[in-house]
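[1] how would this look folded up:
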Amino acid sequence: MASVLCVGIATLDYVYAVPELPSQGTKYRATDLEVVGGGIAANAAVAVARLGGKASLLTRLGDDVTGQAIRAGLAADAVDLALSRAIGGCRSPVSAIMVDQAGERMIISYSDPAMPTEPDWLPQALSAETGAVLGDTRWEEGSLRLFRKARAAGIPAVLDGDRKPSDPGLLAAATHVAFSEVGLAEQTGLSDPRDALLSLGSGKAWLAVTAGERGVWMIDKGEVSHSPAFAVDVVDTLGAGDVWHGAFALALAEHQSERQAVRFASAAAAIKCTRFGGRKGAPTRTEVEQFLRERT
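    Numbers count the residues shown, from 1 in each chain. As a prediction, the model looks like this:
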């Protein structure tokens, strides 16, 4: 069983299904509601666990009822929280999310600005069983510290580049960076995925950008290639990118090639998009393998 350590944010999400996303300040009626754990790193950890890996999450929560609910949801998916910490006097992250009939979403999130960012309490060394580290941009100090330890140990350090990091050292420390389209555009100022990737040059990291139904562009050794997305009936895109990154990190920990890992991750994300409820729709290993067999 491959092991992935995820570092970053965990939230409690209130996910509302609505006929269309709000466009003005008035009352709207939801057709469905899920209260489910969320957050980039936390969703990735759940994806790892459901796909048959051993998932550990290193996150900061408040010592509050919301934090207890977040922990309970993660524990139900067998995510190891031994390295996480509850901070007294702080509030845990929470989000209100609206998903329309096309599966697109609008997110309003809150993270306590008083939450300490210092990573000095993090472990001095990675567990010998750790096969990959995945970090997000919501706690850059924590991700950077763990990425450096991963590089020193010779294991993948995967950054979910959903937005431009404030510390450029985070990109330099990662071995693999998979941007969202927005994150890549913020990083480079370019809208075309191919041009944007090429503008970053051939540094020390393998680079990619996930573009939803348009697939994934990746660059390695100066060459850009494209992996098409799987066609599915989209119900809810919430958490699909997080599931993609968790599956990708797990595949690398299993010593799959980057191209194999992209295909595996794209299948996991595609299945998630067919289900309402954010993280609730993350698939199992059996479901992904069956999905891939049917599309070979």
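[2] hey, where'd the strands end up in the stretch 1-150 of the chain?
    Taking DSSP state E, counting those that start in this stretch, the strands of the stretch 1-150 of the chain run over residues 3-7, 11-17, 32-38, 54-58, 60-62, 85-87, 94-99, 105-110, 130-135.
[3] who's in contact with the last one?
    With CB atoms under 8 Å, 6 or more residues apart in numbering as the contact definition, strand 130-135 has outside contacts at 2-8, 41, 44, 56, 126, 142-144, 146-147, 149-150, 153, 155-160, 170, 174, 245-246, 249-250, 252-254. Every residue, glycine included, has its C-beta placed from N, CA and C.
[4] same check, this time on the fifth one
    With contacts defined as CB under 8 Å, 6+ apart, strand 60-62 is touched by 10, 67, 70-71, 84-87, 89-93, 112, 115-116, 139, 142.
[5] got a quick ChimeraX command for the buried subset of the contacts of strand 130-135?
    Filtering the contacts of strand 130-135 down to the buried ones (16 or more other CB atoms under 10 Å) takes a single ChimeraX command:
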select :2,3,4,5,6,7,8,41,44,56,126,142,143,144,146,147,149,150,155,156,157,158,159,160,170,174,245,246,249,250,252,253,254
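[6] report the contact partners of the closest residue to Ala30 other than its chain neighbours.
    Closest residue to Ala30 apart from its sequence neighbours, by CB to CB, 6 or more residues apart in numbering: Tyr16 at 3.9 Å. Taking CB under 8 Å, 6+ apart, we find Tyr16 in contact with 30, 32-33, 96-99.
[7] for the residues you listed, give me a markdown table that also has pLDDT.
    Output for these, formatted as a markdown table (pLDDT from 0 to 100):
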| residue | pLDDT |
| --- | --- |
| Ala30 | 96 |
| Asp32 | 95 |
| Leu33 | 96 |
| Ala96 | 96 |
| Ile97 | 95 |
| Met98 | 95 |
| Val99 | 93 |
